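can't give you the sequence, but here's the structure:
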């Protein structure tokens with residue numbers, strides 16, 4: 001029997017339920033779905049849920065297919081769709097399309113987006129004297145503004161953010177309800193009539209001015225060489241005129257930050273070109289929605305020398321919030337914008353905390369009444385081998401969701417001791433916290449604990465195990481052991497390589513080079529110049545730098561000449577006996593420690609080898625911040641090219657498992673280097689040969705193992721020269737080199753590697 005026209009029409013109708021998972025909250029996804037459904041002519045609804053965004057659409061099946069295709073192809077630019085689950089449901093014949101209230105049931109698996117820099121449309125409004133948001137320092141829309149720093153719980157709705165206490169005025173409520181407005185369901189929407197406001201405080205906490213007068217008062221103090229603590233998106237900045245050398249040195253004394261470079265903030269890219277020489281890629285990074293600090297070559301003397309002493313680069317960032325935009329335009333000059341803390345302490349986020357901890361540093365405090373739910377520092381990136389390399393993953397990048405090929409058990413990883421981040425596994429992805437920092441103080445320990453608690457609570461998790469570093473004395477390791485859950489200790493360099501593999505979506509086998517300052521070795525020595533062969537089931541240590549004694553252990557990391565003395569002793573004890581790096585008495589004590597192995601571990605660390613070479617080339621004092629000596633070697637060869645290198649040998653080193661490993665013996669290199677120093681060779685030329693030699697060691701090891709995929713991880717690969725030369729030479733020899741992208745190569749990426757190692761361990765057991 002032939003069906004009637006009416007029956008065909010009914011058969012062509014359908015209704016489908018879609019669950020969209022990924023970064024789809026806080027990016028205007030529901031308004032996008034609303035407009036798309038109405039344009040295509042479908043009925044139904046959309047809502048935020050703890051799992052992402054849930055949609056039901058009804059209409060002709062051909063239109064439903066169009067809707068699902070356009071849902072992916074036209075999604076908002078800041079969204080990340082990780083998956084869409086579709087299921088047919090019975091039609092309801094309801095009229096129109098609606099945005100429903102959020103569904104808060106179920107375990108939270110939605111991704112919280114990072115905070116996003118001010119978009120061009122909002123900036124135009126802020127700078128337009130005719131606009132009602134002219135000069136308003138908390139302007140935002142669905143394309144920009146606070147996200148992670150204000151969210152209290154999922155799903156992401158205003159009622160579950162620190163904006164809950166601000167009731168929208170009629171004009172803002174109208175924008176929020178208008179499907180054609182870019183502020184349609186923009187949860188932090190506000191204006192001068194109903195949103196957060198500025199206040200200027202003196203060092204005692206007394207109110208000096210409010211709103212526009214507060215901003216003008218802060219600007220006036222900065223013009224006069226003062227130090228102002230400015231409450232931004234994820235915490236406080238300490239600001240001072242970047243042109244005023246005396247003011248910058250005063251900030252350094254008060255902050256107890258002797259020499260580590262300070263970040264410089266400017267208003268526009270044109271301003272950036274007045275103080276630095278950004279490449280096209282670096283300009284794109286500066287102006288990106290993430291708006292990180294970008295390491296850029298300095299230009300002339302536009303900023304004070306004490307901003308980055310003896311450093312050819314500047315850490316540069318553009319104004320990223322409306323507050324920064326209006327303040328920088330009022331000033332008309334670059335400012336230092338460094339983290340609001342004492343050196344090595346966590347970021348201040350609240351007024352009371354800032355007044356207590358920054359008293360004696362800041363002269364004035366420019367604050368506001370929007371609470372910061374959790375601290376978020378500035379991200380730091382540099383361009384390496386033509387692409388972005390994140391050195392510190394924070395504002396704009398974190399919380400960073402890393403998608404995996406399959407779901408993992410629910411795990412928590414607590415990272416390392418320095419540059420700490422933590423991570424959790426949420427189904428088929430790992431979510432990495434923003435940068436926590438070095439766990440050296442009680443305040444840092446408290447910040448670490450809060451970050452762990454917030455990340456677990458935000459995602460509604462009950463981890464079945466905790467992954468930590470194998471070093472027994474790390475604060476993060478002690479936290480894991482005290483928690484009560486099963487603990488999975490992960491070797492430091494194995495975590496580094498797994499993190500790089502995840503960052504580049506690599507499957508085993510992979511030959512991983514993990515070169516850094518220090519890591520707890522499985523043989524009782526201090527590792528740091530390791531080559532690991534990673535398979536489906538684990539790893540084998542297949543090569544390492546020749547170990548040398550490290551007199552004083554951790555003290556050598558702060559005093560490079562100790563590493564140099566140990567390296568000289570390994571080359572020839574007689575050279576160490578004659579070394580001018582120490583006076584007779586101190587040298588005798590240290591050599592006695594080396595001979596007796598008293599507080600003198602052996603190390604294969606590439607980082608300590610960098611320190612040793614730096615000391616032999618003239619850096620004989622104590623380092624004032626981590627990596628200072630190695631940075632000096634990199635700076636010394638700036639602009640030099642050439643393939644000259646020193647000699648090295650590869651010695652067989654059988655290991656208990658029966659797999660032939662090898663030792664990269666740097667002693668021939670060190671002997672030739674000492675001869676160059678004696679002949680008066682330029683420091684830059686010696687450094688160039690040193691870097692070339694290290695790159696050739698990597699290539700020679702790869703050729704011995706024959707594994708095509710090579711991963712470069714660990715703090716030493718923050719060094720642009722080493723990484724670029726290793727990548728180029730590996731490619732020339734037919735390998736596929738991979739280095740980090742969004743996960744830092746240093747210890748900021750360890751937590752991801754720990755999660756993956758723990759998951760592997762659970763699978764095997």
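Nice, I can see it. As the structure is a prediction and not an experimental result, all values here were calculated from the model.

which one's the longest helix in this protein?
helix 683-705 (DSSP state H).

doesn't residue 610 make contact with residue 630?
Yes: the criterion here is CB atoms under 8 Å, and residue 630 meets it with residue 610 at 4.1 Å. Every C-beta, even on glycine, is put in place using the N, C-alpha and C of the backbone.

now do the shared contacts for the two.
residue 716 (CB atoms under 8 Å, 6 or more residues apart in numbering).

ranges for the helices of the stretch 651-765 of the chain?
667-679, 683-705, 720-732, 750-764 (DSSP state H, counting those that start in this stretch).

elements contacting the last one?
Under the contact criterion of 3 or more CB pairs under 8 Å, 6 or more residues apart in numbering; DSSP states H and E, helix 750-764 touches strand 411-413, strand 423-426, strand 429-432, strand 465-469, strand 487-490, helix 492-503.

could those go into TSV alongside mean neighbour count, mean pLDDT and distance to residue 729?
Formatted as TSV, these follow (neighbours: other CB atoms under 10 Å; pLDDT from 0 to 100; distance: least, CB to CB, whole Å):
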stretch	mean neighbour count	mean pLDDT	distance to residue 729
strand 411-413	28	98	33
strand 423-426	26	94	32
strand 429-432	25	93	31
strand 465-469	26	98	31
strand 487-490	20	98	30
helix 492-503	28	98	18
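
and of these, who's closest to residue 206?
With CB to CB as the measure, strand 429-432 is the member of the helices and strands packed on helix 750-764 nearest residue 206 (40.5 Å).

helix or strand next in line after the closest one, which one?
Helices and strands here follow DSSP states H and E; after strand 429-432, the next one along the chain is helix 442-458.

average pLDDT for that following helix, rounded please.
Averaging pLDDT along helix 442-458 gives 93.

thought residue 431 was touching residue 455?
Yes: contact criterion CB under 8 Å: residue 431 and residue 455 qualify, at 7.0 Å.

overlap in contacts of these two?
Contacts common to residue 431 and residue 455, judged by CB under 8 Å, 6+ apart, are 399, 423-424.

make TSV out of the residues you listed and add distance to residue 119.
Listed next are those as TSV, based on distance: CB to CB, whole Å:
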residue	distance to residue 119
399	21
423	29
424	30
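
follow-up on the earlier one: and the longest helix of the chain, what's buried?
Across helix 683-705, burial judged by 16 or more other CB atoms under 10 Å covers 683-684, 686-702, 704.

and stretch 64-77, by the same measure?
Buried-residue list, stretch 64-77, by 16+ other CB under 10 Å: 64, 66-68, 71, 75-76.

same deal with stretch 31-51?
For stretch 31-51, by 16+ other CB under 10 Å, it's 31-37, 40, 42-51.

which helix or strand contains residue 514?
Per DSSP H and E, the secondary structure element for residue 514 is strand 510-520.

that strand versus helix 683-705: what angle between them?
120 degrees (axes from the mean of the first three to the mean of the last three CA atoms, to 10 degrees).

isn't residue 375 right up against residue 236?
No: using CB under 8 Å, residue 375 is not in contact with residue 236; the gap is 9.3 Å.

of the two, which one has the most company?
residue 236 (29 against 26; other CB atoms under 10 Å).

do you know how far the more buried one is from residue 263?
13 Å (CB to CB, to the nearest Å).

residues in contact with residue 733?
So residue 733 contacts 699, 702-703 (CB under 8 Å, 6+ apart).

out of the residues you listed, which comes closest to residue 660?
residue 703 (14.4 Å).

check what pLDDT the closest one gets.
Value for residue 703, per-residue pLDDT: 98.

once you drop chain neighbours, what's closest to it?
residue 733 (6.5 Å; CB to CB, 6 or more residues apart in numbering).

tell me how far the one you found lies from residue 674.
For residue 733 relative to residue 674 (CB to CB), the value is 30 Å.

now residue 551
To residue 674, residue 551 is 19 Å away according to CB to CB.

I'd like the next helix or strand past the lowest-mean-pLDDT helix or strand in the chain.
Ranked by mean pLDDT, DSSP states H and E, the weakest helix or strand in the chain is helix 5-11, scoring a mean of 43. For helix 5-11, the succeeding helix or strand toward the C-terminus, using DSSP H and E, is strand 13-23.

pLDDT on that next one, on average?
Mean predicted confidence for strand 13-23 is 90.

and it, what does it pack onto?
strand 52-60, helix 61-73, strand 80-88.

could you identify the helix or strand that succeeds it?
helix 29-40.

and stretch 590-607, what's buried?
For stretch 590-607, using 16+ other CB under 10 Å, the buried residues are 590-591, 593-594, 600-607.

which two in those residues are spaced the farthest apart?
Farthest pair in the buried residues of stretch 590-607 (CB to CB) is 591 and 606. Separation: 23.9 Å.

where does the chain dip in pLDDT?
Within the chain, the ranges that satisfy pLDDT under 70 run 1-11, 107-110, 654-659.

domain-wise, how is it divided?
5-99, 198-368, 399-504+750-764, 510-739 (automatic domain parsing).

how about the ones you listed in CSV, adding distance to residue 386?
Listed next are these as CSV, based on distance: least, CB to CB, whole Å:
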stretch, distance to residue 386
domain 5-99, 23
domain 198-368, 7
domain 399-504+750-764, 15
domain 510-739, 9
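
what's the closest of those domains to residue 132?
domain 198-368 (13.6 Å).

pull up the distance across that closest one, start to finish.
From its first residue to its last, domain 198-368 covers 4 Å (CA to CA, to the nearest Å).

now do that domain: distance to the chain's middle.
Distance of domain 198-368 from the chain centroid (CA atoms, centre = their mean, to the nearest Å) equals 20 Å.

so how far is stretch 135-144 from its chain's centroid?
Distance of stretch 135-144 from the chain centroid (CA atoms, centre = their mean) equals 24 Å.

for that stretch, how far is the first residue from the last?
So stretch 135-144: terminal residues 16 Å apart, CA to CA.

mind listing what residue 532 touches?
493-494, 497, 511-512, 514, 539-542.

what comes up buried for stretch 248-266?
248-252, 254-255, 257, 260-266.

tell me the centre residue of the protein?
residue 393 (0.9 Å; CA atoms, centre = their mean).

can you pull the phi and psi angles for it?
phi -100, psi 110 (degrees, to the nearest 10).

try the one 10 residues further on
In terms of degrees, to the nearest 10, the main-chain angles of residue 403 are phi -80, psi 140.

tell me how many other residues surround it.
Neighbours around residue 403, by other CB under 10 Å: 15.

how about the one 4 residues further on?
Residue 407 is surrounded by 12 other residues when neighbours are defined as other CB under 10 Å.

that one: helix or strand, and which one exactly?
Counting by DSSP H and E, no helix or strand carries residue 407.

ok, it - contacts?
So residue 407 contacts 427-428 (CB under 8 Å, 6+ apart).

closest one to residue 349 among the helices and strands packed on helix 750-764?
strand 429-432 (19.7 Å).

give me the three-state assignment for the closest residue to residue 564 other than its chain neighbours.
Taking CB to CB, 6+ apart, and ignoring the residues beside it in sequence, residue 564 has residue 615 as its nearest neighbour in space, at 3.8 Å. Here residue 615 is helix, with the state taken from DSSP: H, G, I helix; E, B strand; the rest coil.

could you say what helices and strands the one helix or strand residue 122 maps to packs with?
Element membership for residue 122, per DSSP H and E: helix 120-127. Contacts defined by 3+ CB pairs under 8 Å, 6+ apart place helix 120-127 against helix 322-331.
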